[in-house]
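[1] this is the structure alone, sequence omitted:
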């Protein structure tokens, strides 16, 4: 779909214990702006779930969304796209928000009850729906950095959202690949992939009524995992209540399996969904990409855009499938 | 050229001392297969510079090229491109070589005399010219990982070469961007960039008769540096003797400046050149990309293909330009 080749080590493949890494453990030693009673240490909240009806920016919330204190992009101003000789530039307009997933400093997303993970998914949806109204934004990316090695600067579990004035290169590549496949076959390439994976089952980690968790055929990273809705859905934010329940359940299961098999690794995940305004379409299929941080990206990867992956997806899937959680 | 946007922090930009990192220091504590008298610990040498006429696979060499003991791709066999349902696969055919830049375990590339760096460049060229004859290979990538954080597994200074049966995605993107620009302007986009940089000078770090070292306008990483031949040259391996002399001199200067300003950081560099068979063309311009390892690539970067860079290239260039080496 994207023209990316991956080199898979088939003869000397790496097992989970072969990777050198630090376990992600919560220390709770330094002051945390995401804990109860420190609400004033973040910018004022954009949204919070407060089942007890407690007032804004005070304790009582179960989930809280705040602007990033050190945003990569700012919400004020105009885009002002312009040239500078042969270069192109624009102002850094966008939104950069933090989804504080729980008030409990000692929890990880994997350790939260499925119902609480469902709330996190609802928060993603609510923020996407709200920000989509701002016509300056062309794409809203949800992502999570878990652990220092994966780029998390605060250990209190949180996700992030960045609204962008342009559609990301990676998403464009997937969209173009998917459109081209659709033009050829009149089928969604992700739907075809799901069907092939469900038939061969060698890379399937788990499934439930609504979702499939699979080690992709050409994973960039060892133990990379994708979660996709089994039936065609182009936009994450259009999911129904029962779908979010099932997604929360399989996401929790996958994160627990990763923690078990890889001994609490750092990881990133991202949500890829259709950009506005064409969110309802027949060719693109939203999904989660989960990337445990086990290897270093080095000269080969920067120079080629290809990846060397020391663990075949079939073996990764087997380890994850057989883990007892 | 590639459709990649970079977010540059202009208000709270990071200075060299703001980056947390480990200095790359040579410890020399463990057994090293790249030192004299350990020649039998590597696969038999492909090529070596032996001014004393010493026999193969024995001490006396000043530079030695050997197959990687744990190659990502293997030289034997046929490509066998085939489908697996909707996926594509082929055998891992290619070459993976190590250029041991010096017998001296205590040297870094930055610390080597310029004449010895020139020999390293000649070795790159010699290997490219030789491997280009193998028609199975569509691209030969030269790269260097310096320091553990940049993916180097052995500290004895070395570069690597991987010959690939397909043109890398990153190179294709640059080629397509450059071709499209050429179709529009009938000029090489890199030549235009060089001219603009030499006029504005804000991102220029250094230049000599043949080469320009510049912080690119949209750098993915803080203190990213490119080195380009000032006059149009599509293929690295077609450089002349006087050009390799000048390249060695500016490359040494840049690596010393990076070591000075960033306090011995880990780094990667890669060489991008035109793929065979169209190595002589008017649209592509070979270059070095040097990437100090100061930041972590995280969810945002994986999800978008865009980068957040906390140091404007103009500031990076100023720090590097003003360093006393």
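    Received, thanks. If you're wondering where the values come from, they're calculated on a predicted model, not measured in any experiment.

[2] mind listing the helices for the stretch 51-200 of chain A?
    Under the criterion DSSP state H, counting those that start in this stretch, the stretch 51-200 of chain A contains helices at A:114-132, A:169-185, A:189-200.

[3] give the other helices and strands that the helix or strand harbouring residue A:300 contacts.
    Per DSSP states H and E: residue A:300 is located in helix A:299-304. Packing partners of helix A:299-304 (3 or more Cβ pairs under 8 Å, 6 or more residues apart in numbering or on different chains; DSSP states H and E): strand A:307-309, strand B:139-146, strand B:158-164, helix B:169-185, strand B:267-272, strand B:287-292. C-beta: built from backbone N, CA, C; applies to glycine.

[4] reformat the ones you listed as CSV; add distance to residue B:117, mean neighbour count and mean pLDDT.
    Output for the helices and strands packed on helix A:299-304, formatted as CSV (distance: least, Cβ to Cβ, whole Å; neighbours: other Cβ atoms under 10 Å in any protein chain shown; pLDDT from 0 to 100):
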stretch, distance to residue B:117, mean neighbour count, mean pLDDT
strand A:307-309, 27, 21, 96
strand B:139-146, 12, 25, 98
strand B:158-164, 11, 24, 98
helix B:169-185, 24, 16, 97
strand B:267-272, 12, 26, 98
strand B:287-292, 12, 23, 98
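
[5] tabulate those (TSV), appending distance to residue B:278.
    Converted to TSV, the helices and strands packed on helix A:299-304 look like this (distance: least, Cβ to Cβ, whole Å):
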stretch	distance to residue B:278
strand A:307-309	26
strand B:139-146	12
strand B:158-164	16
helix B:169-185	9
strand B:267-272	14
strand B:287-292	17
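
[6] out of these, which gets nearest to residue A:200?
    Residue A:200 lies closest to strand A:307-309 among the helices and strands packed on helix A:299-304, at 18.8 Å (Cβ to Cβ).

[7] what angle do the next helix or strand after the closest one and helix A:189-200 make?
    Per DSSP H and E, the first helix or strand lying C-terminal to strand A:307-309 is helix A:313-322. Computed with axes from the mean of the first three to the mean of the last three Cα atoms, to 10 degrees, the direction of helix A:313-322 lies at 70 degrees from that of helix A:189-200.

[8] now helix A:313-322: buried residues?
    Neighbour-count burial for helix A:313-322, counted by 16 or more other Cβ atoms under 10 Å in any protein chain shown, picks out A:313, A:315-317, A:319-321.

[9] before we move on, what about stretch A:64-83?
    Quick answer for stretch A:64-83 (16+ other Cβ under 10 Å): A:64-68, A:71-73, A:75.

[10] from those, which are also near chain B?
    A:72-73 (Cβ under 8 Å from any Cβ of the partner chain).

[11] can you redo the buried residues of stretch A:64-83 as a markdown table with pLDDT?
    Shown next, in a markdown table, are the buried residues of stretch A:64-83 (pLDDT from 0 to 100):
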| residue | pLDDT |
| --- | --- |
| A:64 | 98 |
| A:65 | 98 |
| A:66 | 98 |
| A:67 | 97 |
| A:68 | 96 |
| A:71 | 93 |
| A:72 | 93 |
| A:73 | 95 |
| A:75 | 91 |
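
[12] let me have the buried residues of stretch A:64-83 in CSV, adding distance to residue A:7 as columns.
    Below are those laid out as CSV (distance: Cβ to Cβ, whole Å):
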residue, distance to residue A:7
A:64, 43
A:65, 40
A:66, 41
A:67, 41
A:68, 36
A:71, 37
A:72, 32
A:73, 35
A:75, 42
